[in-house]
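Visitor: Output the structure for:
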Amino acid sequence: MKKTLLKVILNILSKTWRIELVGEIPQAHKVVAFWHNEMLAIWRYFSGNNFSAVVSLSKDGEILSYLLSSWKYKLIRGSSSKKGNEVLEQMIEATSETSVFITPDGPRGPRHKMKAGAFIAAQRGQVPIFFLRCETSAKKQFHKSWDKFEFPLPFASIKIKVIDTFVIDKDMTKDEINALILSAEEKMTAK
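Guide: Reported below is the predicted structural model:
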């Protein structure tokens, strides 16, 4: 009941959002990464495209899975701490058929600290990785949640900005990928 009600409310509410993509993202397969606290508008903007979404096995992940399924995402369930290797293999496999969307600091943080999964999937799948941020004109921010989750209010103007993109060479070492992760974190937190 809770999931159904939330889905109905979000479907109605999200139709009032005025979402604009600033920058370009090609139609080709890719990994798309964005912060956990800014995910809602991004999930909504790209809905209906049969993209893949990485969602945790938590109770919140169960609710999000229900919503994302209704928005036509193919689900990859798990996280770095639960079924990590299996999730990574599914992500890599999915990059040959679709784009994979992931919150690299989720599902439990730390806030705005990237885990390596998105980078490894992009490297092994040999697809680019794009980084997105959201600017929302009117929102409710949940300061007590680990990620300071942002909920766009009705009729909010939302800009989804392409912050950067990387193509990760298949021969890059672990140290080089770690340096890339730090660089991406800096750009994503500079906003």
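Visitor: rest of the way, CA atoms for contacts and neighbours
Guide: OK.
Visitor: list the buried ones in the longest strand seen in the chain?
Guide: When the chain is parsed with DSSP state E, its longest strand is strand 157-166. By neighbour count on 16 or more other Cα atoms under 10 Å, the buried set for strand 157-166 is 157-163, 165-166.
Visitor: next one: stretch 4-20
Guide: Buried-residue list, stretch 4-20, by 16+ other Cα under 10 Å: 7, 14, 17-19.
Visitor: just stretch 169-181 next, same as before
Guide: Going by 16+ other Cα under 10 Å, stretch 169-181 has these buried residues: 177, 180-181.
Visitor: Other residues contacting the longest helix seen in the chain?
Guide: What stands out as the longest helix in the chain, according to DSSP state H, is helix 174-190. By Cα atoms under 8 Å, 6 or more residues apart in numbering, the list of residues contacting helix 174-190 from outside reads 112-114, 116, 119, 131-133, 163-164, 168.
Visitor: That one versus strand 157-166: what angle between them?
Guide: Calculated by axes from the mean of the first three to the mean of the last three Cα atoms, to 10 degrees, helix 174-190 forms an angle of 160 degrees with strand 157-166.
Visitor: Might you calculate how far helix 174-190 sits from the centre of the chain?
Guide: 17 Å (Cα atoms, centre = their mean, to the nearest Å).
Visitor: ok, N85 - how many residues close by?
Guide: 14 (other Cα atoms under 10 Å).
Visitor: Look at it and report its pLDDT.
Guide: At N85, the pLDDT value in this model is 87.
Visitor: one step back: turn the buried residues of stretch 4-20 into a markdown table, including secondary structure and pLDDT.
Guide: As requested, those are arranged in a markdown table below (DSSP: H, G, I helix; E, B strand; the rest coil; pLDDT from 0 to 100):
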| residue | secondary structure | pLDDT |
| --- | --- | --- |
| K7 | helix | 89 |
| S14 | helix | 96 |
| W17 | coil | 98 |
| R18 | strand | 98 |
| I19 | strand | 98 |
